[in-house]
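[1] Sequence and predicted model, in that order:
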Amino acid sequence: MTLALSRMTEGHRPAVLGLRVRDTQTLFVEQIAATLADTEGTRDNHVMLSGLDVIGFFQIDAMNKPRFQAPSAFELELHEVMIDAGYQGQGFGKAFAMALGGYIRTAYPAWETLVLSVNCRNEHAYALYRLGGFADTGEIFEKGHTGPQNVMRLVL
């Protein structure tokens, strides 16, 4: 199993649009076509690759409009992380969590922190982010579209 992270290109778009999550995860992840339509030009799109196969997707918001109690003026926000259902259970989530910090440090060298919010009921994702070095800030974001969310931060 190998995992690489990369900026999304137009060549990736058809595969990204074909990504699907398990039915139990649809509560936590928006439909990918809607995500792309709603965020085009306001977030940077990235892909997870295994070889040449697009197996996942995530976004980085670099607009620097903090929604949380930011300790830094230079804070990125992670959004819409998803791994295709066909690739789940093979260690890609763990590999993503472990690789994300280094990738972001290289792709966004001027930024100081990366923040995310994860639904309080999504214990699996919470544990993966902790594994990747994110710390729980203790802040709860009450305006999550599916309920309260833990706010987590990674110092870059």
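    Okay, I see it.

[2] Can you pull up the most central residue in this protein?
    V81 (3.4 Å; CA atoms, centre = their mean).

[3] Leaving out the residues flanking it, which one is nearest to it?
    Nearest non-adjacent residue to V81, counting by CB to CB, 6 or more residues apart in numbering: F58, 4.5 Å away. Heads up, the C-betas are built off the backbone N, CA and C, glycines and all.

[4] coming back round to it: under a three-state scheme, what state does the residue nearest to the centre of the chain occupy?
    What DSSP: H, G, I helix; E, B strand; the rest coil gives for V81 is strand.

[5] same thing with the one 5 residues further on?
    Reducing the assignment to helix, strand or coil with three-state DSSP, the entry for G86 is helix.

[6] what does the one 4 residues further on give?
    In three-state terms, and counting by three-state DSSP, Q90 is coil.

[7] How many neighbouring residues does it have?
    When neighbours are counted by other CB atoms under 10 Å, Q90 registers 14.

[8] Can you verify my assumption that it contacts M1?
    Yes - the criterion here is CB atoms under 8 Å, and Q90 meets it with M1 at 6.0 Å.

[9] Following the chain onward from the helix or strand of the chain with the lowest mean pLDDT, which element is next?
    Within the chain, no helix or strand scores below helix 32-39, which has a mean of 89 by mean pLDDT, DSSP states H and E. The first helix or strand that comes after helix 32-39 along the chain, using DSSP states H and E, is strand 44-50.

[10] What are the buried residues along the next helix or strand after that following strand?
    Next helix or strand after strand 44-50 toward the C-terminus (DSSP H and E): strand 53-61. For strand 53-61, the neighbour count (16 or more other CB atoms under 10 Å) marks 54-61 as buried.

[11] for those, which one is nearest V115?
    D61 (9.4 Å; CB to CB).

[12] List the residues that contact that closest one.
    Counting by CB atoms under 8 Å, 6 or more residues apart in numbering, D61 makes contact with 42-44, 76-79.

[13] what would these look like in JSON lines with distance to A33, pLDDT and neighbour count?
    Output for the contacts of D61, formatted as JSON lines (distance: CB to CB, whole Å; pLDDT from 0 to 100; neighbours: other CB atoms under 10 Å):
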{"residue": "T42", "distance to A33": "16", "pLDDT": "88", "neighbour count": "11"}
{"residue": "R43", "distance to A33": "15", "pLDDT": "93", "neighbour count": "20"}
{"residue": "D44", "distance to A33": "18", "pLDDT": "96", "neighbour count": "18"}
{"residue": "L76", "distance to A33": "24", "pLDDT": "93", "neighbour count": "23"}
{"residue": "E77", "distance to A33": "21", "pLDDT": "93", "neighbour count": "21"}
{"residue": "L78", "distance to A33": "20", "pLDDT": "95", "neighbour count": "22"}
{"residue": "H79", "distance to A33": "15", "pLDDT": "93", "neighbour count": "17"}
